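Enquirer: structure of the sequence below:
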Amino acid sequence: MTMIAGYKSPWLNEELEILQDAVSKFYQKEFTPLNDKWNEQGYVDREAWTKAGEAGLLCASIKEEYGGGGGTFAHEMVITQEQSRAGVSGFGNSVHSGIVAHYIQSYGTEEQKKKWLPKMASGEMVGAIAMTEPGTGSDLQGVKTTAKKVGNQYVINGQKTFITNGQQSTLICVVAKTDPAGGAKGTSLVMVETDEVEGFRRGRNLNKVGMHAQDTSELFFDDVKIPTSNLLGTEEGKGFFQLMQQLPQERLIIAVQACVAMERAVTLTADYVKERKAFGQRILDFQNTQFKLAECKTEAAIARVFVDDCAVKLLDGKLDATTAAMAKWWTTEKQCQIVDTCLQFFGGYGYMLEYPIGQMYQDARIQKIYGGTNEIMKMLIARTL
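Expert: Residues are numbered from 1 along each chain as shown. Alright, predicted model coming up:
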């Protein structure tokens, strides 16, 4: 589906192409037919996680000794791309496998890795990360949730919101203040196993503009007690540093999703305008259609090459936060513009949700907000000028 004739992503090899084919078939067979049902009910069926685990789609880039696939970010990228191509926006695997599992693998103790990662890889546990609060979005230093040490336990109090996988998660990485006076240095990551604690409750499954099949929730922690061994790692106050270390990968995942959405929008629209007629000729035969789609195809191609370059850098351990921020803001901005332009060529049908382009229009908008708003991305880039 690439926009450049003969182009192949430099990180893609034969093994990954075989994976690509298998993952594509899995999504088309197992998930795509359930998409409408999931959108209506507001969440993906719980057994979808177990199915994905059996198919090797969970924790693909986690080491085999912890139950993962033993792959790299390239494997994660293939799985993310094929999910986007299949139009399955509700399955929160990128948070589960690409983010939460990596926090545990990167910062967890040996005991923590062995305890949680195999269950995440099988789909027995569903992971979520609880950063955002009602009064704190991109400013993570401002979190109010506390984890106070009492004996050999932490007592957690606070509220989180907009949490992906919020209704189904059973393992939540909570950003909390272990030293409320310590600012960034007082922030820690603590792991809450929801089936093991009292005082934890989920709020409603939030009603969103798009991404209707993805359960996104409020979470409440009222004197939730967890063992001190659930502190991620061995040292308090490392949470902010841990979050910052992982952000380039998180932002690149969003950019990858944006890339695929652009490519898919252009392909779907090109197919449509070749068939649809107005005033006795195909919509593609109007010069305006040709020029607009030429622009969209060009920008999608530029996005692909840039994001692939970022992926190569990430695989080499060289992707810096600034470049990741550039990829995140620019691709998501272009995604929203291109999907909007493409929807226009469908006319009234574009506004109907039975056409994929309408669904893509709804789902695109959040991309400019989560993972750090695009305004925050520009601030980060501006600091390097």
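Enquirer: quick check: mean pLDDT of stretch 259-268?
Expert: Per-residue pLDDT values across stretch 259-268 average out to 98.
Enquirer: for that stretch, list the C-alpha coordinates in CSV.
Expert: Coordinates of each C-alpha in stretch 259-268 appear next as CSV, following Å, rounded to 0.1, in the frame of the first residue of the first chain:
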residue,chain,number,x,y,z
CYS,A,259,1.2,6.8,8.2
VAL,A,260,-1.0,3.8,7.6
ALA,A,261,-4.1,5.9,7.9
MET,A,262,-2.9,8.3,5.2
GLU,A,263,-1.9,5.5,2.8
ARG,A,264,-5.2,3.7,3.4
ALA,A,265,-7.3,6.9,2.9
VAL,A,266,-5.6,7.7,-0.4
THR,A,267,-6.0,4.1,-1.7
LEU,A,268,-9.7,3.8,-0.7
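Enquirer: ok, residues contacting it?
Expert: The set of residues that contact stretch 259-268 without belonging to it, under CB atoms under 8 Å, 6 or more residues apart in numbering, is 1-3, 80-81, 84-85, 87, 293, 296-297, 299-300, 303-304, 307, 331, 334-335, 338-339, 342, 356-357, 360, 363-364, 367. Any C-beta I mention is one placed from the backbone N, CA and C, and that applies to glycine too.
Enquirer: distance check, G317 against Q287.
Expert: G317 sits 47 Å away from Q287 when distances are taken as CB to CB, to the nearest Å.
Enquirer: scratch that, G67 is what I was asking about
Expert: When distances are taken as CB to CB, G67 and Q287 turn out to be 56 Å apart.
Enquirer: ok, those two, which is more surrounded?
Expert: G67 (22 against 7; other CB atoms under 10 Å).
Enquirer: count of residues packed around the residue lying closest to the more buried one once chain neighbours are set aside?
Expert: When the adjacent residues along the chain are set aside, G67 lies closest to P118, with 3.2 Å between them (CB to CB, 6 or more residues apart in numbering). The burial metric for P118, expressed as a neighbour count using other CB under 10 Å, is 17.
Enquirer: go through the helix or strand hosting P118 and flag the buried ones.
Expert: Using DSSP states H and E, P118 sits within helix 110-122. For helix 110-122, burial by neighbour count (16 or more other CB atoms under 10 Å) applies to Q112, K113, K115, W116, L117, P118, K119, M120, A121, S122.
Enquirer: repeat for stretch 312-321
Expert: Of the residues in stretch 312-321, those buried under the neighbour-count criterion (16+ other CB under 10 Å) are K313, L314, L319, A321.
Enquirer: returning to what we had before: out of the contacts of stretch 259-268, which end up buried?
Expert: Neighbour counting by 16+ other CB under 10 Å classes 2-3, 80-81, 84-85, 87, 293, 296-297, 299-300, 303-304, 307, 331, 334-335, 338-339, 342, 357, 360, 363-364, 367 among those as buried.
Enquirer: how is K160 assigned, secondary-structure-wise?
Expert: The three-state label for K160, taken from DSSP: H, G, I helix; E, B strand; the rest coil, comes out as strand.
Enquirer: residues in contact with it?
Expert: Residues in contact with K160 (CB under 8 Å, 6+ apart) are A130, M131, T132, E133, T145, V174, E218, L219, F221.
Enquirer: excluding chain neighbours, what is closest to the first one?
Expert: In this structure, A130 finds its nearest non-sequential neighbour in K160, 4.0 Å apart by CB to CB, 6+ apart.
Enquirer: and that neighbour, how far from P134?
Expert: Counting by CB to CB - K160 and P134 are separated by 8 Å.
Enquirer: any idea how far the longest helix seen in the chain is from the chain center?
Expert: With DSSP state H applied, the helix covering the greatest number of residues in the chain is identified as helix 239-275. Centre-to-centre, helix 239-275 and its host chain are 9 Å apart (CA atoms, centre = their mean, to the nearest Å).
Enquirer: got a pLDDT number for the residue nearest to the spatial centre of the chain?
Expert: For the chain, the residue whose C-alpha lies nearest the mean C-alpha position (CA atoms, centre = their mean) is S94; its distance is 4.3 Å. Per-residue confidence for S94 comes out at a pLDDT of 94.
Enquirer: specify the local secondary structure of it.
Expert: Applying three-state DSSP to S94 yields a three-state assignment of helix.
Enquirer: correct me if wrong: it contacts I253.
Expert: Yes. Judged on CB atoms under 8 Å, S94 makes contact with I253 at a distance of 5.0 Å.
Enquirer: sounds good, over and out.
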